[in-house]
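> Structure, please.
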Amino acid sequence: MSTEVHSGGIDFRGLILGFSGAALHYMGESAETGESSKVNLPLAQQNIEIIALLEQKTTGNLSSDEESLVRQLLIDLRMRFIEKSRNGK
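Down below sits the predicted model:
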């Protein structure tokens, strides 16, 4: 699988980081402004599940860097999700 960015295109890392950013946003964390946004845990969970699905469906087709990125993001996002869920949003 090529990870090159083509004119007007997106690579695998960009796709995964997009879903990760959305999950963080829905957990109330806005990296761009540093401000809190409205928490929507079901949508955060959906984005985390999409990343997990992509991890499962691309097994054996990713570079070691891509596999590491997906694995680390999932660990981080799942831990944050659990923390948000326990803290009552």
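
> okay, CA-based contacts and neighbour counts for the rest of this
Fine.

> Please tell me how far the most centrally placed residue in the chain sits from Phe12.
Geometric centre of the chain, nearest residue: Ser20, 2.1 Å, by C-alpha atoms, centre = their mean. Distance, Ser20 to Phe12, using C-alpha to C-alpha, to the nearest Å: 12 Å.

> Ok, Asn47 next?
15 Å.

> for Leu62, same thing?
Distance from Leu62 to Phe12, by C-alpha to C-alpha: 9 Å.

> Hmm, Tyr26 and Lys38 touching each other?
Yes - here Lys38 reaches Tyr26: they are 6.9 Å apart, a contact under C-alpha atoms under 8 Å.

> Between these two, tell me which one has more neighbours.
Tyr26 (23 against 12; other C-alpha atoms under 10 Å).

> residues in contact with that one?
For Tyr26, the contacting residues are Ser37, Lys38, Val39, Asn40, Leu41, Leu43, Ala44, by C-alpha atoms under 8 Å, 6 or more residues apart in numbering.

> Check these and tell me the two furthest apart.
Ser37 and Leu43 (13.1 Å; C-alpha to C-alpha).

> can I assume Ser20 is in contact with Ile48?
Yes - if you go by C-alpha under 8 Å, Ser20 and Ile48 touch, sitting 7.0 Å apart.

> Which residue ranges of this protein form strands?
Along the chain, counting by DSSP state E, no stretch forms strands.

> what comes up buried for the longest helix anywhere in it?
Counting residues, the longest helix found in the chain (DSSP state H) is helix 64-86. By neighbour count on 16 or more other C-alpha atoms under 10 Å, the buried set for helix 64-86 is Glu66, Glu67, Val70, Leu73, Leu74, Leu77, Arg78, Phe81.
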